[in-house]
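>>> sequence first, predicted model second:
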Amino acid sequence: MTSVVNGRTRKINWKEMKRQKVLLLWSLVYVIYGFIFCYLPLAGWLMAFENYKPKDGFFHSQFIGLGKFKQLFIDDGFLRVIRNTLAMGVINLVVTFVAAIVFAILLNELKSQGGKKVVQTISYLPHFLSWIIVTGILHDALSGTGIVNDLLLRFHLLNEPINFFAHPKYFWGIVAFANVWKETGWNAIIYLAAIVAIDTNLYEAAAIDGAGRWARIRYITLPGIKPTIIILLLMNAGNVLNAGFEVQYLLGNGLVQSVSQTIDIYVLKWGISQGDYSLGTAAGVFKSVVSIVIILIANGMAKRAGEERLF
């Protein structure tokens, strides 16, 4: 057995395996963990192709093939759920992605190290709050007597308070804002690490040549973190359909139900509340398959773009 390390072929024998036994044992632990908690549960997908009844179990429930999937796609409610999930997923991806990059660059431009640490610490804190607390803060801030309506009335931008949670047109924007406020500081960590890794001599040379801050950001910082941006974009592309569950479930109500329900909420509604485990599983399988396809497409586009630049 051989492996390639730093461009050199290295032979792996029992002596080498014995020397690396600690790493191999820890790797085995994670392989077993992944198999038990990630791959073994995939057997539950069998429910999507059956009229599953708990009393009959997997092997004695009636097999119906793609019947549950057909039921999904003739349901106007599920098609609306797909629209909501895709819309909120894309909005969250774009807004949080751009916000993290911009925040990391602006934070890097701060000259005061003390000020930078204070801002970093404050920006991280919302990440450690549960969605229960975050949605509670949003409810208080956007209520009829909340600070947002109070400010809008004081500046005479409104004549009367708005019930933001009663109008569907505001819901997606509220969800996007909640994700940005909660995760921007945390998501910016990896971009800050990538920026710090850029050779400072490049900035000094650019400053000597007369480049201003914007020019240094445009021609040094952004190209320097471009590989990190591409990798994270690929990783997050598969999460487009993971638009969320907690924030939509906690902020949603009957007045905004047409725009607040996601696939995860649909699975909860039919798989748990209504007891139709097969339909809920079919919706979950659809979500997973689409996510895999999106990752493959994004990965292919990234490879093609890289090859075009090389030649």
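In hand now; what should we look at?

>>> dump the residue contacts of N92.
175-176, 179, 243-244 (CB atoms under 8 Å, 6 or more residues apart in numbering). The way it works is simple: take the backbone N, C-alpha and C, and place the C-beta from them, glycine included.

>>> and it, its phi and psi?
N92 adopts backbone torsions of phi -60, psi -40, taken as degrees, to the nearest 10.

>>> you'd agree Y191 is up against A104?
Yes: in this structure Y191 lies within contact range of A104 using CB atoms under 8 Å: 3.6 Å.

>>> mind checking how far T281 is from S288?
10 Å (CB to CB, to the nearest Å).

>>> got it, and N253?
Taken as CB to CB, the span from N253 to S288 is 29 Å.

>>> ok, now W26?
28 Å.

>>> now swap in S61 and tell me
21 Å.

>>> and the two? Which one has more around it.
S61 (19 against 14; other CB atoms under 10 Å).

>>> if I pick L268, what's in contact with it?
L268 neighbours (CB under 8 Å, 6+ apart): 245, 249, 280.

>>> no wait, A211
Counting by CB under 8 Å, 6+ apart, A211 has contacts Y219.

>>> state the three-state secondary structure for the spatially most central residue of the chain.
Nearest to the mean C-alpha position of the chain, counting by CA atoms, centre = their mean, stands N239 at 4.9 Å. The local conformation at N239, judged by DSSP: H, G, I helix; E, B strand; the rest coil, is coil.

>>> that one reaches F97, doesn't it?
No: look at N239 against F97 with CB under 8 Å: they stay out of range, at 10.9 Å.

>>> just the helices in the stretch 201-311 of the chain please.
213-216, 222-224, 226-237, 246-251, 257-260, 263-267, 277-310 (DSSP state H, counting those that start in this stretch).

>>> any chance you could list what contacts the first one?
Around helix 213-216, the neighbours that count as contacts under CB under 8 Å, 6+ apart are 109, 203, 206-207.

>>> now Q113: how far from S123?
16 Å.

>>> settle it for me: which of those two has more neighbours?
More crowded of Q113 and S123, by other CB under 10 Å: S123, with 19 against 8.

>>> need the CA coordinates for stretch 36-48. CSV is fine.
The C-alpha trace of stretch 36-48 is given here as CSV (Å, rounded to 0.1, in the frame of the first residue of the first chain):
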residue,chain,number,x,y,z
ILE,A,36,-23.8,4.5,13.4
PHE,A,37,-25.2,8.0,13.4
CYS,A,38,-24.9,9.1,9.7
TYR,A,39,-25.2,6.0,7.5
LEU,A,40,-27.2,3.5,9.5
PRO,A,41,-30.2,5.8,9.9
LEU,A,42,-30.4,6.0,6.1
ALA,A,43,-32.2,2.6,6.3
GLY,A,44,-35.2,4.7,7.4
TRP,A,45,-35.5,6.0,3.9
LEU,A,46,-37.2,2.7,3.1
MET,A,47,-40.3,4.2,4.7
ALA,A,48,-40.6,6.7,1.8
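
>>> in that stretch, what's buried?
For stretch 36-48, a neighbour-count test (16 or more other CB atoms under 10 Å) marks 47-48 as buried.

>>> what distance separates it from the centre of its chain?
How far stretch 36-48 lies from its chain's middle: 22 Å, per CA atoms, centre = their mean, to the nearest Å.

>>> so what touches that stretch?
58, 61, 68-69, 277-278, 281-282, 284-285.

>>> among the residues you listed, which has the minimum pLDDT value?
Taken together, the contacts of stretch 36-48 show their lowest pLDDT at F58, with 78.

>>> list the contacts of V94.
For V94, the contact set (CB under 8 Å, 6+ apart) is empty.

>>> hmm, which of the contacts of N92 are the buried ones?
175-176, 179, 243-244.
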